[in-house]
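no sequence for this one, just the structure:
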């Protein structure tokens, strides 16, 4: 009927799929995919695998008498479900909660988000984080391209969060188009004495992604002390500490199947849903933008100051496709409409970026045209939800049911009727 079902342990036992694991709340699960080379029909491969996992999850859900919904924030989630009583039974999550509240000296978290009616509330654990679900895109990058890739990811964050926005409601309030952004930042706030553990960052990278890891070590307390017995070459302590810091673009150290270490960027700004096709289109747009920015003669970070990129991100998260951003035009920073920017400049750039990776034109068109039609129509997930409420009233349970039915049909959100 549209309410969260806090039963992921039983559900995951029935599903029995290694690609699907618990998340913070007992009513959430996380779906994972396999790495794929960014070439050829890469997006079709990603779509087919994720869609197969999604269908297996749906079938298991039906056997348990519930349904699966991929959405940035479930409109019907309530504060009473976002408490430690409904936390997944993993020691890591309880330790995370205990340490954050200890750093706050036990003071409750304060949540304040502007909107049509401002949301102002207090909370006594980190479970508010569980209301925010994302589609995290990973890009493994060559060391010599990692600085350009990371800075491009930061600049791309504003158009990405606006084009994909899918989180306009929380606790019955109409807030930001992508309310996930302020919610997550405030849900794990460690207090005024310490820098935020969820942030856009403090600046562009200059020489190496190691600058981020050095800043993490210098500026942020170890949140969960732990002794790792693996050899130093595995970077276990660095990776564990990095896992308790949630930059919207987060550099990660990982390992290939042959044990070779690699660097990758985790782009965290995109919400879950509305459909698998929408999700893969978002990934195509992101990869295309990063590669497209790399092809430009002048690094974009030299033309757009970091503070402008940061302000663009929060403006885009709040206003979605209606946002106006600061952008460089012939050496001058001016204000531009986001939809025009995407249609006239960023989509062609993303196309060129994907072409440079030997991705066929038909493959590029299949997925970037989803973004183009979404932006042209002005209907992303957030816009559809807002329009539904405008037409049908604030029956959020019915909204969730209709959203789920359209999601199950699999057609991208710009085609959804009201």
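Cool, the structure landed. This is a predicted model, so every value here is computed, not measured.

hmm, which helix or strand of this protein has the shakiest average pLDDT?
Among the helical and strand segments of the chain, the one scoring lowest on mean pLDDT, DSSP states H and E is helix 236-242, with a mean of 85.

show me what that helix is packed up against.
Helices and strands in packing contact with helix 236-242 are listed as helix 210-219, strand 249-255; criterion 3 or more C-beta pairs under 8 Å, 6 or more residues apart in numbering; DSSP states H and E. Every residue, glycine included, has its C-beta placed from N, CA and C.

residues contacting the residue nearest to residue 185 when sequence neighbours are not counted?
Nearest non-adjacent residue to residue 185, counting by C-beta to C-beta, 6 or more residues apart in numbering: residue 198, 4.5 Å away. The contact partners of residue 198, by C-beta atoms under 8 Å, 6 or more residues apart in numbering, come to 184-185, 187-188, 245-248.

can you give me the helices in the stretch 51-200 of the chain?
Counting by DSSP state H, counting those that start in this stretch, one finds helices in the stretch 51-200 of the chain at the ranges 91-103, 146-164, 180-187.

now do the strands in the chain.
Along the chain, the stretches classed as strands by DSSP state E are 20-22, 29-31, 109-113, 119-123, 137-141, 169-170, 173-174, 249-255, 261-267, 324-329, 332-337.

list the buried ones in the fifth one?
This points to strand 137-141. Residues of strand 137-141 classed as buried: 137, 139-141 (neighbour count, 16 or more other C-beta atoms under 10 Å).

what helices or strands is that strand leaning on?
Counting contacts by 3+ C-beta pairs under 8 Å, 6+ apart, strand 137-141 packs against helix 146-164, strand 261-267, helix 276-295.

nearest to residue 122, out of these?
helix 146-164 (26.6 Å; C-beta to C-beta).

tilt between that closest one and strand 249-255?
With axes from the mean of the first three to the mean of the last three C-alpha atoms, to 10 degrees defining the directions, helix 146-164 sits at 120 degrees from strand 249-255.

what is helix 146-164 packed up against?
Under the contact criterion of 3+ C-beta pairs under 8 Å, 6+ apart, the helices and strands touching helix 146-164 comprise strand 137-141, strand 249-255, strand 261-267, helix 276-295, helix 306-319, helix 338-341, helix 361-377.

return the most buried member of those.
Relative to the other members of those, helix 276-295 carries the highest mean neighbour count by mean count of other C-beta atoms under 10 Å, namely a mean of 24.

for that helix, packing partners?
Under the contact definition 3+ C-beta pairs under 8 Å, 6+ apart, helix 276-295 sits against helix 42-63, strand 137-141, helix 146-164, helix 347-355, helix 361-377.

at 10 Å instead, please
Based on contacts counted as 3 or more C-beta pairs under 10 Å, 6 or more residues apart in numbering; DSSP states H and E, the elements that helix 276-295 packs against are helix 42-63, strand 137-141, helix 146-164, strand 261-267, helix 347-355, helix 361-377.

gap between residue 137 and residue 43?
In this structure, residue 137 and residue 43 are 12 Å apart, going by C-beta to C-beta, to the nearest Å.

pull up the overlap in contacts between those two.
280, 283-284, 287 (C-beta atoms under 10 Å, 6 or more residues apart in numbering).

what count of nearby residues applies to the nearest residue to residue 118 once chain neighbours are set aside?
Counting by C-beta to C-beta, 6+ apart, residue 118 lies nearest to residue 112, which is 6.9 Å off, once chain neighbours are set aside. Residue 112 has 11 neighbouring residues, counting by other C-beta atoms under 10 Å.

again, but for residue 220
Neighbours around residue 220, by other C-beta under 10 Å: 17.

what sits against it?
By C-beta under 10 Å, 6+ apart, residue 220 lies in contact with 190, 194-197, 241-242, 244-245.

CSV please, covering the residues you listed and showing distance to residue 56 and neighbour count.
As requested, the contacts of residue 220 are exported to CSV (distance: C-beta to C-beta, whole Å; neighbours: other C-beta atoms under 10 Å):
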residue, distance to residue 56, neighbour count
190, 38, 20
194, 41, 14
195, 41, 12
196, 37, 16
197, 34, 19
241, 34, 19
242, 31, 21
244, 31, 19
245, 32, 20
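
tell me which of these is nearest to residue 105?
Distances from residue 105 to these, taken as C-beta to C-beta, are shortest for residue 190 (10.6 Å).

got the contact list for the closest one?
Listed by C-beta under 10 Å, 6+ apart, the contact set of residue 190 reads 99-104, 109, 196-198, 220-221, 223.

out of the contacts of residue 198, grab the one that's most surrounded.
Highest neighbour count within the contacts of residue 198: residue 248, with 25 neighbours (other C-beta under 10 Å).

returning to what we had before: save the helices and strands packed on helix 236-242 as TSV, and put in distance to residue 21 too.
Shown next, in TSV, are the helices and strands packed on helix 236-242 (distance: least, C-beta to C-beta, whole Å):
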stretch	distance to residue 21
helix 210-219	24
strand 249-255	17
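
to residue 69, which of those lies closest?
Ranking the helices and strands packed on helix 236-242 by their distance to residue 69 (criterion: C-beta to C-beta) puts strand 249-255 first, at 25.4 Å.
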